[in-house]
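K.L.:
Sequence plus predicted model, see below.
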Amino acid sequence: MMIQPFTAIHNNQLTIAGIDAVELTKKYGTPLFVYDVEKIRQNARAFVSTFKKHGINAQVAYASKAFSSVAMVQIAKQENLSLDVVSQGELYTAIQAEFPVEKIHMHGNNKSFDEISMAVEYNIGCVVVDNFHEIELLAHILEEQQREMDVLIRVTPGIEAHTHDYILTGNEDSKFGFDLTNGQAEEALQRLRQIDRIHVKGLHCHIGSQIFETDGFTMAIERLFHTLKVWKDRHHFESEVVNLGGGFGIRYTKEDDPLPHPAYVEALITKVKEEIDQYDMAFPEIWIEPGRSIVGDAGVTLYTIGSIKEIPNVRKYVSVDGGMTDNLRPALYQAKYEAVIANKVNGTDEEEVSIAGKCCESGDMLIWDITLPKVEPNDILAVFSTGAYGYSMSNHYNRFPKPAVVFVENGEDKLVVQRESYKDMTQNDLSYE
Ligand SMILES: Cc1ncc(COP(=O)(O)O)c(C=O)c1O
Ligand SMILES: N[C@@H](CCCC[NH3+])C(=O)O
């Protein structure tokens, strides 16, 4: 049985950062996301301190898509992280959290007029330009608002990272960014440099997500720097920043074997050093954008078990009061998770069961074939490593309200996102009578 590092077993019950998980469910209900804030801080510090140790100018931007809420953005601010936002909603959340605007970077493969206008209006740190349409939109908005903007050019370096196809982003056949090999990235550079209000600070690439090796990253660095060398010779362009994206893998199950955070950073630094030596370039700032590796293993979801259906010689389905509405990842990526029964972690009478969600969808299964102590209705199931892309991808399918989120730190629990009420959920519905 695997439990997360910050969880423990006390009197056969699960504790999360020292707080009894079952007590949390009595206080806040289920499904419930619980985060160990200290673990979030440790994850962030592991990245930041490795750059510091090597004396590298760096920005570690928390990819807020992994979990965006005012309280989470406040933690990113407390840890001196930068912030990656992908939408007006994520930017709005950052503004609500009073995150320093100069450390906000905006992404998106189809940024709207309103999104770019808001980014310009708030004078955020940089826009990561993704396509030609966006260049014209940005130029127009900057002229309209009489502002200037730093940008990075997002490129697809043609790397096939080893991960699920749906979370692969750096390959040539991708909806994101400018292709490096067919000349589009170079064309973008030239176009951007014709616009006085735009300052090109460097290149960005993100090869994918939940990646365990460093090869994909180092190969991407090779391709970026080869391009930068060509651009230096042809266009006298020197990149002040190289943003290598996020994607550092985490442990969901015991089969996963991620590197410790510093190892990814060390590999990036070593490779960048090699490249700048080879091409005799100035050392750029290195930016990264970890999302999952900051919050993923800091979160647990607690559910109440309800119906149990046994099909003799086939399978036992154990249903919980959430599912693909609070964790889309198993249905979308066949993602695997580990879990325990929080009120009898060490129970001995074990059986193999499959955990089903409560949506009207056969694919709404959270975990197939897991061994747990004999399960009964009203037991509390704790699913580990749900801190990234759980709440943030939650949805209203079957009109289930969104769960609550609780932060735990220093022996105290604090509600940071309220459970949605039915009234909240239907507040935009209008009558047609
Ligand atoms: C551009 C970009 N940056 C950062 C991230 C964060 O990735 P992860 O959560 O895997 O670190 C993503 C998501 O894959 C992304 O698309
Ligand atoms: N949401 C995805 C990753 C995509 C990240 C954004 N590019 C996941 O849960 O793994």
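P.N.:
Alright, I've got the coordinates. Quantities reported herein were computed from a predicted structural model and do not represent experimental measurements. Ligands and ions are numbered 1, 2, ... in the order given.
K.L.:
Ligand 1 contacts on this structure?
P.N.:
Within the chain, the residues that sit near ligand 1 (CB under 6 Å from any ligand atom) are 63, 66, 84, 107, 169, 206, 209, 245-248, 289-293, 388. In short, each C-beta sits where N, CA and C put it, glycine included.
K.L.:
could you redo the last one with a cut-off of 5 Å?
P.N.:
63, 66, 206, 209, 245-247, 289-292 (CB under 5 Å from any ligand atom).
K.L.:
Show only the entries of the residues you listed found in helices.
P.N.:
Judged by DSSP state H, the residues of the chain next to ligand 1 include residue 292 as members of helices.
K.L.:
Please list which of the residues of the chain next to ligand 1 also come close to ligand 2.
P.N.:
Counting by CB under 5 Å from any ligand atom, residue 209 from the residues of the chain next to ligand 1 sit close to ligand 2.
K.L.:
Just the C-alpha atoms of the helix or strand containing residue 92, please, in PDB.
P.N.:
In this structure, residue 92 sits in helix 88-96 according to DSSP states H and E. Provided in PDB are the C-alpha atoms of helix 88-96 (Å, rounded to 0.1, in the frame of the first residue of the first chain):
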ATOM      1  CA  GLN A  88      -8.800  35.600 -18.600                       C
ATOM      2  CA  GLY A  89     -10.300  33.500 -15.800                       C
ATOM      3  CA  GLU A  90      -6.900  32.500 -14.500                       C
ATOM      4  CA  LEU A  91      -5.600  36.000 -14.900                       C
ATOM      5  CA  TYR A  92      -8.700  37.300 -13.100                       C
ATOM      6  CA  THR A  93      -8.000  34.900 -10.200                       C
ATOM      7  CA  ALA A  94      -4.400  36.100 -10.100                       C
ATOM      8  CA  ILE A  95      -5.600  39.700  -9.900                       C
ATOM      9  CA  GLN A  96      -8.000  38.800  -7.200                       C
END
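K.L.:
mind giving me the domain ranges of this structure?
P.N.:
Residue ranges for the domains of the chain, per automatic domain parsing: 7-36+296-426, 107-290.
K.L.:
could you redo those domains as a markdown table and give each row distance to residue 50 and mean pLDDT?
P.N.:
Compiled in a markdown table, the domains of the chain are given as follows (distance: least, CB to CB, whole Å; pLDDT from 0 to 100):
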| stretch | distance to residue 50 | mean pLDDT |
| --- | --- | --- |
| domain 7-36+296-426 | 18 | 96 |
| domain 107-290 | 4 | 93 |
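K.L.:
how about those domains in JSON lines, adding mean neighbour count?
P.N.:
Converted to JSON lines, those look like this (neighbours: other CB atoms under 10 Å):
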{"stretch": "domain 7-36+296-426", "mean neighbour count": "19"}
{"stretch": "domain 107-290", "mean neighbour count": "19"}
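K.L.:
Please work out which residue of the stretch 301-433 of the chain is closest to ligand 2.
P.N.:
Nearest residue of the stretch 301-433 of the chain to ligand 2: residue 389, at 3.1 Å (CB to the nearest ligand atom).
K.L.:
Next one: that residue from residue 299, what distance?
P.N.:
10 Å (CB to CB, to the nearest Å).
K.L.:
again with residue 362
P.N.:
In terms of CB to CB, residue 362 sits 26 Å off from residue 299.
K.L.:
Also residue 374?
P.N.:
Taking CB to CB, one finds residue 374 at 27 Å from residue 299.
K.L.:
repeat for residue 186
P.N.:
Taking CB to CB, one finds residue 186 at 41 Å from residue 299.
K.L.:
repeat for residue 244
P.N.:
In terms of CB to CB, residue 244 sits 25 Å off from residue 299.
K.L.:
same deal with residue 287?
P.N.:
The value you get for residue 287 to residue 299, if CB to CB is used, is 25 Å.
K.L.:
for the closest residue to residue 74 other than its chain neighbours, what are its contacts?
P.N.:
Leaving out its chain neighbours, the residue that sits closest to residue 74 by CB to CB, 6 or more residues apart in numbering is residue 97, at 5.0 Å. Residues near residue 97 by CB atoms under 8 Å, 6 or more residues apart in numbering: 70-71, 73-74, 77.
K.L.:
if you set the cut-off to 10 Å instead, what comes out?
P.N.:
64, 68-77, 83 (CB atoms under 10 Å, 6 or more residues apart in numbering).
K.L.:
what does residue 30 give?
P.N.:
24, 301-305, 320-322, 326, 380-381, 403-404, 419.
K.L.:
what do you get if the cut-off is 8 Å, keeping everything else the same?
P.N.:
302-304, 321-322, 380, 403.
K.L.:
Show the backbone phi and psi for the closest residue to it other than its chain neighbours.
P.N.:
Leaving aside its chain neighbours, residue 30 sits nearest to residue 304 (4.5 Å; criterion: CB to CB, 6+ apart). Per-residue torsions, residue 304: phi -100, psi 130 (degrees, to the nearest 10).
K.L.:
tell me which of the contacts of residue 30 is nearest to residue 413?
P.N.:
Nearest to residue 413 among the contacts of residue 30 is residue 302, at 11.9 Å by CB to CB.
K.L.:
does the closest one count as helix, strand or coil?
P.N.:
strand (DSSP: H, G, I helix; E, B strand; the rest coil).
K.L.:
residues contacting it?
P.N.:
By CB under 8 Å, 6+ apart, residue 302 lies in contact with 21, 24-25, 30-32, 34, 342, 380-382.
K.L.:
I'd like to know which of these is nearest to residue 196.
P.N.:
Once CB to CB is applied, the member of these that ends up nearest residue 196 is residue 34, at 50.0 Å.
K.L.:
which residues in the stretch 151-300 of the chain form helices?
P.N.:
For the stretch 151-300 of the chain, the helices defined by DSSP state H, counting those that start in this stretch cover 184-193, 215-235, 261-279, 292-295.
K.L.:
Between which two of the contacts of residue 30 is the distance greatest?
P.N.:
Farthest apart among the contacts of residue 30 - using CB to CB - are 380 and 403, which lie 13.8 Å from each other.
K.L.:
ok, and the closest non-adjacent residue to residue 180?
P.N.:
residue 155 (4.9 Å).
K.L.:
Please give me every residue in contact with residue 39.
P.N.:
4-6, 17, 297-298 are the contacts of residue 39 under CB under 8 Å, 6+ apart.
K.L.:
which of those lies closest to ligand 1?
P.N.:
Looking across the contacts of residue 39 and measuring by CB to the nearest ligand atom, the closest to ligand 1 is residue 297, at 12.0 Å.
K.L.:
so what's residue 35 bridging to?
P.N.:
residue 299, residue 407 (DSSP bridges).
K.L.:
Cool, thanks, signing off.
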